[in-house]
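A.B. asks: Need coordinates for the below:
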Amino acid sequence: MFFDSLQDLWRVAVIGVLTYALLIVVLRISGKRTLAKMNAFDFVVTVALGSTLATILLSRDVSLSEGLAALVLLVILQLLATWLSVRSGTVRHLLKSAPTLLVHDGRMNENMMRRQRVTENEVLQAVRAQGVGDLGLVAAVVLETDGTFSVIPKQNAGSRTALRNVQGT
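C.D. replies: Sure, this is the predicted structure:
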């Protein structure tokens, strides 16, 4: 139960080192987007990569070459999906959520906040984190696709072209 054989430990060590090195190579090839702040789609790919890595390490039924094939397949699918989402609005809409306007000209949009399951306290915290003490001084608070808040003070709002693709405008 605690220890089966030294051979099993060596297998985990060797496969672990090789798979770790291969995963680093695959992630470097896949580009910066794989490691950036994650939206839901990126999170799913990351969890799948982690699950695949764990299976390769711990399952005798999966060879190193099969595991590498699975890792490469996941990264190729992620690259294909991001390539398609850049070129097709339909694919982009299926894979990624749109940013959402939570505050407009100092007024909270409670309907959008409820839809996105965001509390008033979370919005106020984001505003304070930007050094703004009065909600009336805020042109917009946007819930971005990666779950972060963008706060745009009125003094920096300009013509508001950055809000062009934001849901709720």
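
A.B. asks: For the chain, which residues score under the pLDDT cut-off?
C.D. replies: Along the chain, the parts satisfying pLDDT under 70 run over 1-4, 26-40.

A.B. asks: for it, what spans make up the strands?
C.D. replies: For the chain, the strands defined by DSSP state E cover 100-104, 107-108, 138-143, 149-153.

A.B. asks: Any idea which of those strands gets closest to Q125?
C.D. replies: Proximity to Q125, assessed across the strands of the chain by C-beta to C-beta, is greatest for strand 149-153 (8.4 Å). (C-beta placed from N, C-alpha, C; glycine too.)

A.B. asks: Just the residues contacting that closest one, thanks.
C.D. replies: Contacting residues not belonging to strand 149-153 are listed as 99, 102, 122-123, 126-127, 129-130, 132, 137-144, 160, 162-163 [C-beta atoms under 8 Å, 6 or more residues apart in numbering].

A.B. asks: Can you turn the buried subset of these into a selection I can paste into PyMOL?
C.D. replies: The buried residues among the contacts of strand 149-153 can be selected in PyMOL (16 or more other C-beta atoms under 10 Å) with this line:
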select buried, resi 99+102+122+123+126+127+132+138+139+140+141+142+143+163
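
A.B. asks: of the strands of the chain, which approaches L71 most closely?
C.D. replies: Across the strands of the chain, L71 has its closest neighbour in strand 138-143 (32.0 Å, C-beta to C-beta).

A.B. asks: Check which helices and strands that closest one is in contact with.
C.D. replies: Judged by 3 or more C-beta pairs under 8 Å, 6 or more residues apart in numbering; DSSP states H and E, the packing partners of strand 138-143 are strand 100-104, helix 120-129, strand 149-153.

A.B. asks: Now A48: closest residue in space that isn't a chain neighbour?
C.D. replies: Once flanking residues are discounted, A48 sits nearest to L74: 5.4 Å by C-beta to C-beta, 6 or more residues apart in numbering.

A.B. asks: Might one say that the one you found is in contact with V47?
C.D. replies: No: using C-beta atoms under 8 Å, L74 and V47 do not qualify as a contacting pair, with a distance of 10.3 Å.

A.B. asks: neighbour count winner among these two?
C.D. replies: L74 (19 against 11; other C-beta atoms under 10 Å).

A.B. asks: I'd assumed E66 was in contact with T19.
C.D. replies: No: T19 lies out of contact with E66 (C-beta under 8 Å); the separation is 11.4 Å.
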